[in-house]
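**Student:** with the sequence up front, the predicted model follows.
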Amino acid sequence: MSTKIESAKMALPRLDVQRELERPEARADPIAAYARIRAMGPVIWSKSMLGDGFGITRYRDVMSVLRDPRALSDRRNVPGAGKGPLEHWWMPSTLKLLLNSMVMKDPPDHRRLRNLVQKAFTPSMVSALSTRVEAITKELLDRVSGKASIELIEDLALPLPLTVISEMLGVPADERVTFRRRLAKVLNPSAQTPVGFVVNYPHMIWLNRFFRRLVALRREQPGDDIVTALVSAEEGADRLTEDELVSMVFLLLFAGHETTVNLIGNGVHALLQHPEQLALLREKPELIDSAIEEMLRFTNPVGTVSPRFAREEMEVAGVTIPRGATMTLMLASANLDEEQFPNAHTMDITRDPNRHVAFGFGAHFCLGAPLARLEARVAIPALIQRFPRMRLAVPASQMRLRANLGLRGFDTVPLAV
Ligand code: HEM
């Protein structure tokens, strides 16, 4: 670490953010935990699984870094940024695939990779999927119809986005559940240690072979799916390397379901915790779009973006960030910032304006935002309609958020219906 970074670090309040957010009190009341973090200052020195660095806690500053072309996503483009956590030998090789994906790239590679898949995710392409999303939702809800209790994640919130993104990518139906089960193992923080590396080795091998098999399958048997389109692009002008191709498939499959499951799970949980908001949505179903934006802001399915690296010295909230430094942009904290959102700690499905940063901002703005919104706006009203008396089947105090790699959600949401 450069001496400039060392001395800047000494002057800042310090916090192991990962550990702080994992404490039982914080998991039970993350809103209060983020308020405490913001109260420490706009810039803190934060330890986290994604890399130690300057933690940016407030909305205004998070937005200014996301807009700033000096804040890069690929540490390899920043002299002095050193090795990142994903480069440690014990990191699951599946997660290392992210290093070749657009989310960790800067121009011109970022644009080239994003252009290759952008058209599959435009609002008009996505709205053409709505009939299919409705049909999958109906099928999933029919399966549990007549039961006294359901488990929201397993019965709806997970299989819906997993089926949709798998169909878009051409993943064979019989492999989806195995893929997800093995991915969950390598995403678990315990897998991201030397011991975890050994224990989870078979899952990593399986996953890496799975992505390569999928690419090979679509080379031999082209279909009407994104992997086939990418394989053809690989042979055309906009070339992809084999590693980029495999990384792209992983990124889309991973980001395409691991996030939306949390939007549906956290969103329904928040509605049940705020019965007056649920009643309002029942009375005025036309509020669904603004309700989903509020669920995104208030429950933050993604807690932080991937780290940013200072290409040159820059200033954030009066603090000098030296060249080569890592910045952790705390989206979840920014979205709960009272300076930006009046009554930020209150869920209000009529909130307007609601310029949340749950999907990021700028060049890396979430590619799948239209798809995530569509899935939530179909699934949540269908669930509410199907089970008008649904409630949490366990005491609210037993519900604990978990955060893996900045993804925030519940493992299970048991509902009495
Ligand atoms: C509620 C659900 C979702 C949330 C909260 C979410 C959040 C985000 C955020 C915060 C970023 C910015 C990352 C950064 O700046 O470093 C991002 C990027 C991305 N998201 Fe999503 N996402 C969601 C759903 C999806 C879906 C359904 C897909 C579909 C494939 C997707 C694909 C992507 C991709 C490919 C990127 C990288 C874009 C780039 O680097 O240019 N996301 N997402």
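**Tutor:** Yep, that arrived.

**Student:** grab the nearest non-local neighbour of Val117.
**Tutor:** Ile226 (6.3 Å; Cβ to Cβ, 6 or more residues apart in numbering). Any C-beta I mention is one placed from the backbone N, CA and C, and that applies to glycine too.

**Student:** next: Leu296.
**Tutor:** Ala358 (3.8 Å).

**Student:** next, count neighbours for the one you found.
**Tutor:** Look at Ala358: counted by other Cβ atoms under 10 Å, it has 25 neighbours.

**Student:** ok but it is inside a helix, no?
**Tutor:** No - according to DSSP: H, G, I helix; E, B strand; the rest coil, Ala358 belongs to no helix; its state is coil.

**Student:** show the model's pLDDT score for the residue nearest to Val117.
**Tutor:** As predicted, Ile226 sits at a pLDDT of 93.

**Student:** next secondary structure after the strand or helix carrying Glu315?
**Tutor:** Element membership for Glu315 (DSSP states H and E) is strand 314-316. Where DSSP H and E defines the elements, the next helix or strand beyond strand 314-316 is strand 319-321.

**Student:** average pLDDT across that next one?
**Tutor:** On average, strand 319-321 scores 96.

**Student:** for whatever residue of the chain ends up closest to the ligand, what are its contacts?
**Tutor:** Residue of the chain nearest the ligand, by Cβ to the nearest ligand atom: Gly368 (1.9 Å). Counting by Cβ atoms under 8 Å, 6 or more residues apart in numbering, Gly368 touches 121, 252, 255-256, 259-260.

**Student:** ok, 10 Å please
**Tutor:** 117, 120-121, 126, 161, 165, 168, 252, 255-257, 259-260, 359, 374-375 (Cβ atoms under 10 Å, 6 or more residues apart in numbering).

**Student:** for Val246, same thing?
**Tutor:** With Cβ under 10 Å, 6+ apart, Val246 has these contacts: 97, 100-101, 208, 211-212, 214-215, 240.

**Student:** what sits against the residue nearest to Leu296?
**Tutor:** 259, 263, 293, 295-303, 331-332, 334-335, 366, 369, 372.

**Student:** which residues touch the closest residue in space to Leu113 that isn't next to it in sequence?
**Tutor:** Nearest non-adjacent residue to Leu113, counting by Cβ to Cβ, 6+ apart: Met102, 4.0 Å away. Neighbour list for Met102: 73, 109-118, 244, 247-248, 251-252, 363-364, 367 [criterion: Cβ under 10 Å, 6+ apart].

**Student:** re the thing from before, which ones among the contacts of Ala358 map onto helices?
**Tutor:** 263, 293, 295-299, 331-332, 334, 369, 372 (DSSP state H).

**Student:** show me which pair in the residues you listed is furthest apart.
**Tutor:** Ala334 and Ala372 (18.5 Å; Cβ to Cβ).

**Student:** quick one, which of those two is more surrounded?
**Tutor:** Ranked by neighbour count (other Cβ under 10 Å), Ala334 and Ala372 place Ala334 first, with 30 against 25.
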